[in-house]
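Enquirer: I'd like to go over a predicted model; first the sequence, then the structure.
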Amino acid sequence: MVNADGGTLYLVTDRSTLRFAIVLNDTLSIAQGGKTGEPVSLPDIPLTNEHGEPNVRNIASRAANESKTLVIDDVYNRTDIDTSGTRHFDELTGYRSRSFLTVPLTSYHNEPIGVLQLINAKDDSGEVVPFPGEVRELIEALAALAAVALENKQLLDEQEDLKRQLEREVDERTEELKGALEKLSEAHIILKELNTIDAVTGIRNRQYFDEVFDQEWRRAVRQQYPMTVMLLDIDHFKKVNDTYGHLAGDECLAAVAREIDSNFNRPSDVVARYGGEEFVVILPYVDYENAMRVADQLRVRLADREIRADGHQLGITVSIGLATRIPNDNEASRELLAEADEALYAAKFRGRNLVVGGNELA
């Protein structure tokens with residue numbers, strides 16, 4: 001897709017090294033003394049040096065340690081290395097190529113799980129050139145999806161290993177079985193936690209919202225404190241998908257989700273993707289006036305921001321509907337949600353890029 005000469009994938013090992021896992025690169029094979037089509041093997045790259053500090057001499061380990069993409073346009077013209085020998089090339093890249101695009105694969109908890117590296121971008125004439133900016137964004141998006149897939153696979157593998165261990169030990173070691181069952185339970189909790197995350201935006205999903213919303217409603221009924229629900233909808237989002245494509249649409253959704261999530265930092269606040277381009281926020285202990293103020297601040301903040309999605313700068317606005325009440329036993333949680341939804345509809349009907357509260361509908 002990116003017309004690169006080749007690519008490699010490194011995966012983090014349990015010994016804090018990057019292990020060479022996959023290669024698609026004939027030129028690299030020849031550069032290492034082999035022939036076209038022959039397998040290539042590169043040594044493990046330590047993530048730390050002899051002093052226990054992060055290894056930043058090699059670009060693959062540096063990308064993993066710093067969780068950021070590294071780009072080298074032309075290694076031969078770098079002023080910070082000696083191009084007369086091979087030692088510096090080996091320390092920097094592991095092999096001698098010209099242009100590099102090195103993208104880290106990170107877990108949901110921002111821990112390194114691997115590195116994807118492309119080498120030698122080529123133009124239409126076959127000459128080695130720097131990697132274009134749009135290629136970097138594409139590979140970063142693909143790397144993010146690959147990281148999710150790898151992490152989920154690792155969790156499933158761990159769960160499967162625990163299951164096989166239990167089957168072997170169930171008849172002979174009762175105490176060890178108990179410990180294995182505890183580990184299985186922990187793996188199940190982790191997997192369940194991952195299942196509450198929306199794959200596109202990285203925030204909580206509708207399933208999580210439905211569960212937590214009922215719990216918060218019952219708690220508010222018992223303790224008699226105000227509870228606010230806020231529904232947000234990206235205005236004219238269909239035009240983003242139709243004009244720029246679904247990759248840009250997904251990146252736009254993720255950027256808006258991060259902006260909303262960063263605006264609500266209390267432990268009791270819940271931000272989730274409600275569906276499509278809609279988001280929902282639960283705000284316990286927040287009264288109507290404060291909720292309206294916070295909602296309008298968020299609306300302005302999003303309207304003033306440009307979002308970069310698939311190489312495009314997008315300006316977006318949101319419409320927000322909210323409802324606040326102190327719940328009682330005679331009401332159902334869906335009534336509060338329905339009031340917020342009606343307020344959102346009113347905001348859309350009145351011209352969008354507005355905040356409408358349920359009190360305005362009376």
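Expert: Done, it's in. From a predicted model like this one, the values you see are computed outputs, not experimental measurements. Residues are numbered from 1 along each chain as shown.
Enquirer: any weak-confidence spans in the stretch 251-362 of the chain?
Expert: For the stretch 251-362 of the chain, the stretches flagged by pLDDT under 70 are 362.
Enquirer: in it, which spans are helices?
Expert: All helices of the stretch 251-362 of the chain, identified by DSSP state H, counting those that start in this stretch, fall at 288-303, 333-349.
Enquirer: From the chain's centroid, how far away is the first one?
Expert: With CA atoms, centre = their mean, to the nearest Å as the basis, the distance from the averaged C-alpha position of helix 288-303 to the chain average is 26 Å.
Enquirer: Name the strands paired with the particular helix or strand that has P104 in it and say parallel or antiparallel.
Expert: According to DSSP states H and E, P104 maps onto strand 100-106. Sheet partners assigned to strand 100-106 using DSSP bridges are listed as strand 70-72 (antiparallel), strand 112-122 (antiparallel).
Enquirer: Dump the ones you listed into CSV; add mean pLDDT as well.
Expert: Formatted as CSV, the strands paired with strand 100-106 follow (pLDDT from 0 to 100):
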stretch, mean pLDDT
strand 70-72, 85
strand 112-122, 86
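Enquirer: any idea which of those is most buried?
Expert: Mean neighbour count (mean count of other CB atoms under 10 Å) peaks for strand 112-122 among these, with a mean of 22. All C-beta spots, glycine's among them, are computed from the backbone N, C-alpha and C.
Enquirer: Heading C-terminal from it, find the next helix or strand.
Expert: Once the chain leaves strand 112-122, the next helix or strand it forms, by DSSP H and E, is strand 128-129.
Enquirer: residues in contact with that next one?
Expert: Strand 128-129 has contacts (CB atoms under 8 Å, 6 or more residues apart in numbering) with D5, R98, S99, N120, A121, K122, D123.
Enquirer: I'd like the residues you listed as TSV, with distance to G133 appended.
Expert: Formatted as TSV, the contacts of strand 128-129 follow (distance: CB to CB, whole Å):
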residue	distance to G133
D5	19
R98	18
S99	13
N120	17
A121	11
K122	16
D123	15
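Enquirer: of the residues you listed, closest to T201?
Expert: A121 (30.5 Å; CB to CB).
Enquirer: what's that closest one in contact with, if anything?
Expert: Contacts here follow CB under 8 Å, 6+ apart; on that basis A121 touches V2, N3, A4, D5, S99, L101, V128, V129, P130, F131, P132, V135.
Enquirer: Could you report the neighbour count for the fifth one?
Expert: To tie it back to what came earlier, the one meant is S99. Counted with other CB atoms under 10 Å, residues neighbouring S99 total 21.
Enquirer: So it sits against K122, correct?
Expert: No. Using CB atoms under 8 Å, S99 is not in contact with K122, being 9.1 Å away.
Enquirer: any idea what the residue nearest the centre of the chain is structurally, helix, strand or coil?
Expert: By CA atoms, centre = their mean, the mean C-alpha position of the chain lies nearest to G202, the distance being 5.2 Å. Under DSSP: H, G, I helix; E, B strand; the rest coil, G202 falls in the coil class.
Enquirer: Next, the contact list for it, please.
Expert: Counting by CB under 8 Å, 6+ apart, G202 makes contact with Y108, A254, A257, R258.
Enquirer: which non-adjacent residue is nearest the last one?
Expert: Spatial nearest neighbour of R258, excluding adjacent residues (CB to CB, 6 or more residues apart in numbering): G202 at 7.3 Å.
Enquirer: how near is the one you found to A64?
Expert: 20 Å (CB to CB, to the nearest Å).
Enquirer: ok, the residue lying closest to V286 once chain neighbours are set aside to T196 distance?
Expert: Spatial nearest neighbour of V286, chain neighbours left out: T228 (4.6 Å); criterion: CB to CB, 6+ apart. With distances taken as CB to CB, T228 is found 22 Å from T196.
Enquirer: Who has more neighbours out of those two?
Expert: Counted by other CB under 10 Å, T228 and T196 do not tie: T228 has more neighbours, with 25 against 16.
Enquirer: quick one: that one and L283 touch, right?
Expert: Yes. Under the criterion of CB under 8 Å, T228 makes contact with L283 at 4.1 Å.
Enquirer: what sits in contact with each of those two?
Expert: A291.
Enquirer: what comes into contact with stretch 354-362?
Expert: Identification of contacts with stretch 354-362 by CB under 8 Å, 6+ apart yields 288, 291-292, 295-296, 299, 319-325, 339-340, 342-344, 346-347, 350.
Enquirer: repeat that for 7 Å
Expert: 288, 292, 295-296, 299, 319-324, 339-340, 342-343, 346-347 (CB atoms under 7 Å, 6 or more residues apart in numbering).
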